[in-house]
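*Asks:* pasting the sequence and the predicted model now:
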Amino acid sequence: MEPYILFGILFALLLAGVPIALSLGISASIFMVFFTGTTPMTIAQKLFVSLNKFALMAIPLFVLMGNFMAQGGTAHRIIRFARSLVGHLPGGLPMSAIFACVIFAAVSGSSPATVAAIGSIMMGAIQEDGYSERFSVGSIVSSGSLGILMPPSIILIVYGVTVDQSIGALFMAGILPAAFLGLMLMVVTYFAAVMGGHKRKPMAPLSEIWASFKDAIWGLMVIIIVIGGIYGGLFTPTEAAAVAAVYAFITAKFIYGDLKWKDIPRTINTAAATAAMIMFIIANAMVFAHVLTTQQMPQDLANFIVALELNKYTFLILINLLLLLAGNFMEPSSLIMILAPLIFPIAMKLGIDPIHLGVIITVNMEIGMLTPPVGLNLFVASGISGLTLQQTIKASLPWFLALLIGLAIITYVPQISLFIPDMIYGG
């Protein structure tokens with residue numbers, strides 16, 4: 001009966017409009033004080049201890065890196081390079097925006113940042129090229145969601161810390177699924193452009209491809225630094241975040257020269273505010289997860305599902321439905337902190353690879369970025385384009401359906417996720 005009281009308090013706070021982080025912390029604190037006799041001082045200590053993890057240091061550093069890159073004009077250079085590669089195809093300009101989103105997602109690791117950086121530049125250009133406003137918004141808001149799957153992914157870090165899995169292996173596992181989903185979005189864009197009567201444009205000459213690549217190479221190098229450094233054993237994901245943040249600053253300030261001295265305090269303050277918000281959510285969610293664990297809810301749920309005698313394929317359908325539903329209402333980091341401890345032990349009993357499970361959960365979180373009422377990408381795209389939230393949702397539907405199909409394929413073809421980690425770490 002007591003766990004139902006915990007969730008009752010949580011949902012009452014959410015319905016009252018209390019932010020998710022505060023709802024998690026308040027509901028857990030009330031439960032601990034009145035039903036377990038925990039003192040307020042102990043709760044404060046648990047909040048601190050929950051953040052005292054080396055891997056979590058990567059989050060503010062990757063956020064800072066993304067802000068330096070966005071402020072430093074890296075997005076403009078990546079867009080030019082992407083446009084030179086695929087801009088000649090039907091739907092080429094929207095496809096180049098998707099391609100740029102995939103690349104910039106790997107630079108920033110943030111979906112809202114990707115939508116904001118690419119969308120603010122490309123939405124107007126796509127419309128000037130003869131595409132509708134909804135076409136430009138739908139393609140960018142959907143592809144921007146890849147930001148939480150491409151390494152360095154904050155969501156994969158949160159999952160790895162929550163269930164004690166290798167952050168490096170999770171980063172490697174996100175690469176092929178992100179590329180696969182990006183390709184699916186580009187295919188949808190191609191056929192939508194053909195059906196809309198948009199014609200091919202001249203192919204960019206090799207000189208332009210080479211020139212745009214040389215211009216973007218310093219921004220693209222951060223991907224090699226992060227992934228290559230982890231793969232080569234030069235540093236841990238947290239150390240990679242620190243190196244990448246310093247590199248992003250040097251690139252934006254001294255190589256490209258787009259980052260002015262006067263912009264640096266504002267850029268750091270913005271990164272600090274974003275990181276603090278994420279860390280505050282994680283701290284409260286960890287306390288909530290602690291209550292769940294002490295009340296043995298993960299074990300009870302695992303025993304209940306095992307008693308249903310589900311095979312792993314049926315279980316994966318159930319998990320996808322649960323995550324898609326929960327993603328409509330909750331922010332990805334807090335959702336993972338709550339549900340991962342519940343799902344993980346059951347998945348292990350059914351023989352599901354923990355790295356593959358992390359990718360499945362993260363793809364679900366991607367789709368949650370496109371579903372109201374907590375779909376952050378929808379709000380960012382709506383703010384940039386001027387479309388209402390309802391219009392933005394309708395615009396994203398074709399690409400949203402493609403992501404759902406991609407989720408089904410990634411769920412039941414685990415090698416898409418595990419090929420690179422198995423090759424590097426041994427399967």
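*Replies:* Cool, the structure landed.

*Asks:* going forward, measure contacts between C-alpha atoms and count neighbours the same way
*Replies:* Noted.

*Asks:* which one is Pro40 nearest to, not counting chain neighbours?
*Replies:* Leaving out its chain neighbours, the residue that sits closest to Pro40 by CA to CA, 6 or more residues apart in numbering is Val33, at 7.2 Å.

*Asks:* would you agree that neighbour is in contact with Thr39?
*Replies:* Yes - in this structure, Val33 is within contact of Thr39 by CA atoms under 8 Å, at 6.2 Å.

*Asks:* what is the neighbour count of Thr314?
*Replies:* Look at Thr314: counted by other CA atoms under 10 Å, it has 10 neighbours.

*Asks:* need the phi and psi values for it.
*Replies:* Backbone geometry at Thr314, expressed as degrees, to the nearest 10, gives phi -70, psi -40.

*Asks:* and it, how far from Ser417?
*Replies:* 19 Å (CA to CA, to the nearest Å).

*Asks:* can you check Gln295 too?
*Replies:* Distance from Gln295 to Ser417, by CA to CA: 33 Å.

*Asks:* out of these two, which sits in the busier spot?
*Replies:* Ranked by neighbour count (other CA under 10 Å), Gln295 and Ser417 place Ser417 first, with 25 against 14.

*Asks:* so that one makes contact with Ile410?
*Replies:* Yes - at 7.2 Å, Ser417 and Ile410 qualify as touching, with contact defined as CA under 8 Å.

*Asks:* where do the contact lists of the two overlap?
*Replies:* By CA atoms under 8 Å, 6 or more residues apart in numbering, Ser417 and Ile410 have these common neighbours: Pro177.

*Asks:* element containing Gly37, please.
*Replies:* Following DSSP states H and E, one finds Gly37 outside all helices and strands.

*Asks:* might you report the residue contacts of the most centrally placed residue in the chain?
*Replies:* The centre of the chain sits closest to Ile148, judged by CA atoms, centre = their mean, with a distance of 1.5 Å. Applying CA under 8 Å, 6+ apart to Ile148 gives the contacts Ala105, Gly109, Ser110, Ser111, Ile154, Ile155, Leu156, Thr362, Met365, Glu366.

*Asks:* min pLDDT across those, which one?
*Replies:* Ranked by pLDDT, those bottom out at Gly109, which has 65.

*Asks:* kindly indicate whether Leu323 is helix, strand or coil.
*Replies:* Secondary structure state of Leu323, per DSSP: H, G, I helix; E, B strand; the rest coil, is helix.

*Asks:* residue contacts, the residue lying closest to it once chain neighbours are set aside?
*Replies:* Nearest residue to Leu323 in three dimensions, chain neighbours excluded: Asn364, at 6.2 Å (CA to CA, 6+ apart). Asn364 sits next to Asn320, Leu323, Leu324, Gly327, Leu407 when contact means CA under 8 Å, 6+ apart.

*Asks:* pick out the lowest-pLDDT one from those.
*Replies:* Scanning the contacts of Asn364 for pLDDT, the low point is Gly327. It has 75.

*Asks:* what is the burial count for it?
*Replies:* Residues near Gly327, counting by other CA under 10 Å: 25.

*Asks:* same thing with Gly174?
*Replies:* Every residue meeting other CA under 10 Å relative to Gly174 is counted, giving 30.

*Asks:* quick one on the thing from earlier: okay if I get the contacts of Ile148 as TSV plus distance to Ile336?
*Replies:* Below are the contacts of Ile148 laid out as TSV (distance: CA to CA, whole Å):
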residue	distance to Ile336
Ala105	20
Gly109	17
Ser110	16
Ser111	16
Ile154	11
Ile155	8
Leu156	10
Thr362	9
Met365	9
Glu366	12
